[in-house]
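Q: missing the sequence, but the structure's below:
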């Protein structure tokens, strides 16, 4: 059994939710990059390689989440 596509109202609701989620993700990543990770680096320099990898992930996905 296949479902019919969502109506216009539902599509708008879904689009609004996705925009909200992308904004929340951006704020989350910004807080990590600017606030949390510098603290972790200062307290545990051995975590730098992992933090560098996560920062690379953030930069890699940022253009897609912006679109």
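A: Received it, and whenever you're ready, just let me know what you need. Please read these numbers as outputs of a predicted model, since none were measured by experiment.
Q: give me the low-pLDDT residue ranges for the chain?
A: By pLDDT under 70, the weakly predicted segments of the chain are 1.
Q: Report the central residue of it.
A: Nearest to the centroid of the C-alpha atoms of the chain, with distances taken as Cα atoms, centre = their mean, sits residue 25, at 3.2 Å.
Q: ok, that residue - contacts?
A: residue 65 (Cβ atoms under 8 Å, 6 or more residues apart in numbering). The way it works is simple: take the backbone N, C-alpha and C, and place the C-beta from them, glycine included.
Q: After the helix or strand harbouring it, heading C-terminal, what element do we hit next?
A: Assigning secondary structure by DSSP states H and E places residue 25 in helix 8-31. Later in the chain than helix 8-31, the nearest helix or strand by DSSP H and E is helix 37-43.
Q: So what touches the next helix or strand after that following helix?
A: Sequence-wise, the next helix or strand downstream of helix 37-43 (DSSP H and E) is helix 48-66. Contacts of helix 48-66 with the rest of the structure, by Cβ under 8 Å, 6+ apart, involve 22, 25-26, 29, 32-33, 37, 40-41.
Q: Make JSON lines from these and add distance to residue 15 to it.
A: Converted to JSON lines, the contacts of helix 48-66 look like this (distance: Cβ to Cβ, whole Å):
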{"residue": "22", "distance to residue 15": "11"}
{"residue": "25", "distance to residue 15": "16"}
{"residue": "26", "distance to residue 15": "17"}
{"residue": "29", "distance to residue 15": "21"}
{"residue": "32", "distance to residue 15": "26"}
{"residue": "33", "distance to residue 15": "27"}
{"residue": "37", "distance to residue 15": "31"}
{"residue": "40", "distance to residue 15": "35"}
{"residue": "41", "distance to residue 15": "38"}
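Q: Buried ones among those residues?
A: Taking 16 or more other Cβ atoms under 10 Å as the criterion, what is buried in the contacts of helix 48-66 is 29, 32, 37.
Q: Can I get the residues you listed in TSV including distance to residue 50?
A: Shown next, in TSV, are these (distance: Cβ to Cβ, whole Å):
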residue	distance to residue 50
29	15
32	12
37	10
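Q: Tally up the residues packed near the closest residue in space to residue 37 that isn't next to it in sequence, please.
A: Closest residue to residue 37 apart from its sequence neighbours, by Cβ to Cβ, 6 or more residues apart in numbering: residue 51 at 5.0 Å. By the measure other Cβ atoms under 10 Å, the count of residues near residue 51 is 18.
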